Each structure stands twice: as C-alpha cells, then as structure tokens.
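> quick one: sequence plus predicted model below, questions after.
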Amino acid sequence: MAQRRRTSGLSLRAGMTVGLLGGSFDPPHGGHVHITREALKRFGLDRIVWLVSPGNPLKEQGPAPLGRRIAAARAIMDHPRVIVSDAEARLGTRYTAQTLEALTRLHPGVRFVWLMGADNLTQFHRWEHWRAILDTVPVGVIARPGERTGARRSRTARMYRSARIAGRAARLLPRADAPAWCFINVPMADISSSAIRARGDWAQ
Ligand SMILES: Nc1ncnc2c1ncn2[C@@H]1O[C@H](COP(=O)(O)OP(=O)(O)OP(=O)(O)O)[C@@H](O)[C@H]1O
Ligand SMILES: O=C(O)c1ccc[n+]([C@@H]2O[C@H](COP(=O)([O-])O)[C@@H](O)[C@H]2O)c1
C-alpha cells in the first residue's frame, strides 16, 4: 500500500531565511513574543516559525492539548512574518534532529536557523543527536535571565568555540555554513511558562 506523503504545512520559498523557534508554549507568553521580535531584527530573518511541540522529549509531564496551545500562540503572536505551526505533529517528529532532517528535505533551498533561549544551550549536549543538529543548521541563541554563565560554560559553547559568530555580526548567521552559532544579548524578559502554570493562570 502506498505510504501517505507527509507535508509540513508550511509555505516557504527557496532562498528565504527562516528561524525555527521550537517550544512547548505551555502556555505561550510575552517572553516568546519578545525573543521572536528580537531574533527577526538581529538575525535579519525573513520568517520565524513557532514549532509548537507535541511534547518535549526531556519533559516527563505532558503539556496541554496541542490545539489549545496553538490557539493561544496565534492569539499572542500577531506579526506578518511569524507563523505558528503544528509541523512536528504533521511530520510525526518529536526530536529536533528528526524535525530538521524532515524540514530541510521538504524545503530545499530554505536557509533554516534553529533558535533557542540560553537555558537550552546549557543542556543542549543532552539532546538526541545534538552534534548532527549543529552540523545541519546555524543556531541562534537568545539571552535569558539567569542563564548567561551556564550557557557560556556549556559543553556546546566550549566544543564549538571556533564556530561562534560574534553577536555584533548576527546578521551573518542565517547564510553561514553549519556549524555556526551566535549568542545575542537582548533586553531580557523574566517570564516563563512554568511560572505562569505555578500561578494557576493556565490550568491543564
Ligand atoms: N523569557 C525568555 N527569554 C529567552 N528565551 C525564552 C524565554 N521564554 C522562553 N524562551 C525560549 O523559547 C523556547 C520555547 O520555550 P518554552 O515553550 O519551553 O517556554 P518556557 O518559558 O521556557 O517553558 P518552561 O518554563 O515550561 O520551561 C525555548 O528555546 C526557551 O529557551
Ligand atoms: O531533540 C531533543 O532531544 C530535544 C530535547 C529537548 C528539547 N527539544 C526541543 O527544544 C524546544 C524547546 O523545548 P521546551 O520544552 O523547552 O519548550 C522544543 O522544540 C523541543 O522539542 C529537543
């Protein structure tokens, strides 16, 4: 029987520079909006896609239903160059390495950049096939309160020291060959989904 061909649901043109901000968005908040606006400007990206994850492979407790998180994300992130997407659910991928393999295959010629907050750089070496991720796409890291030292000392930052692009040259990142990564210092927003959940403002 012929296998159904999966699509990402994303409409992207070859040559575009596209940031991918993966997250649980459980719930989405002003910190996500803030880093998205900063990343659009600082990395000079044509688009940013919010990849709303079916579930973070490192988190034990499942998030709120995907449809609810997507609807909340669309309500908070209203920008003509930002797309809120369920691509991982469509593609059936959970791990970032798998997602990137599928997206780069389905969208040849698109210059993807993986985006993440500094907290994720600190533990990046625990991700599945983390070195393959760094060898596939450039990575943009955005400052997050309390994470500067951990990120700077992280295994990834140390091992990939020579692949680092200075923050003042951030606009070069999307067209750099992997491995390449860049840490940008931005005005920081001390907001997290876990703090919002702890206040009971996003009941499951
Ligand atoms: N305030 C923030 N500043 C910088 N980066 C952030 C901020 N909030 C979220 N991010 C980044 O956005 C991405 C998606 O974050 P996520 O959806 O996990 O939200 P979170 O607030 O980190 O959630 P939780 O508190 O449950 O861990 C991650 O790369 C994370 O580092
Ligand atoms: O691939 C992995 O091993 C992996 C481990 C931890 C997190 N991630 C991805 O990192 C993004 C941020 O995750 P989270 O849960 O902190 O919002 C999201 O896209 C996850 O799928 C990916």
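Everything's here; your move. Ligands and ions are numbered 1, 2, ... in the order given.
> is it true that residue 174 touches residue 110?
No - counting by C-beta atoms under 8 Å, residue 174 sits too far from residue 110 to count as a contact (10.2 Å). For every residue, glycine as well, the C-beta is placed using N, CA and C.
> between those two, which one's more packed in?
Neighbours per residue, other C-beta atoms under 10 Å: of residue 174 and residue 110, the larger number sits with residue 174, 22 against 18.
> separation between the more buried one and ligand 1?
17 Å (C-beta to the nearest ligand atom, to the nearest Å).
> which one is that residue nearest to, not counting chain neighbours?
Of all residues not flanking residue 174 in the chain, residue 17 sits nearest, at 3.7 Å (C-beta to C-beta, 6 or more residues apart in numbering).
> how about the residues of the protein by ligand 2?
Within the chain, the positions adjacent to ligand 2 are 22-24, 51, 53, 56-59, 95-97, 120, 127-128 by C-beta under 6 Å from any ligand atom.
> ok, 5 Å please
22, 23, 24, 53, 56, 57, 58, 95, 96, 127, 128 (C-beta under 5 Å from any ligand atom).
> also near ligand 1: which of those residues, exactly?
Restricting the residues of the chain next to ligand 2 to those touching ligand 1 (C-beta under 5 Å from any ligand atom) yields 23, 24.
> highest neighbour count among the residues of the chain next to ligand 2?
For these, the largest neighbour count, defined by other C-beta under 10 Å, is 27 neighbours, found at residue 96.
> verify the stated contact: that one with residue 53.
No - using C-beta under 8 Å, residue 96 is not in contact with residue 53; the gap is 9.1 Å.
> overlap in contacts, those two.
Common neighbours of residue 96 and residue 53, counting by C-beta atoms under 8 Å, 6 or more residues apart in numbering, are residue 22.
> just say helix, strand or coil for residue 15.
Secondary structure for residue 15, judged by DSSP: H, G, I helix; E, B strand; the rest coil, is coil.
> could you dump the helix ranked longest in the chain to PDB, C-alpha only?
The longest helix of the chain (DSSP state H) is helix 30-42. What follows is helix 30-42, C-alpha atoms only, in PDB (Å, rounded to 0.1, in the frame of the first residue of the first chain):
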ATOM      1  CA  GLY A  30       5.400  37.600  26.300                       C
ATOM      2  CA  GLY A  31       8.900  36.200  26.600                       C
ATOM      3  CA  HIS A  32       8.400  34.200  23.400                       C
ATOM      4  CA  VAL A  33       7.000  37.300  21.600                       C
ATOM      5  CA  HIS A  34       9.900  39.400  22.800                       C
ATOM      6  CA  ILE A  35      12.700  37.000  21.700                       C
ATOM      7  CA  THR A  36      10.900  36.400  18.400                       C
ATOM      8  CA  ARG A  37      10.800  40.200  17.600                       C
ATOM      9  CA  GLU A  38      14.500  40.500  18.700                       C
ATOM     10  CA  ALA A  39      15.600  37.500  16.600                       C
ATOM     11  CA  LEU A  40      13.800  38.800  13.500                       C
ATOM     12  CA  LYS A  41      15.700  42.000  13.800                       C
ATOM     13  CA  ARG A  42      19.100  40.900  15.000                       C
END
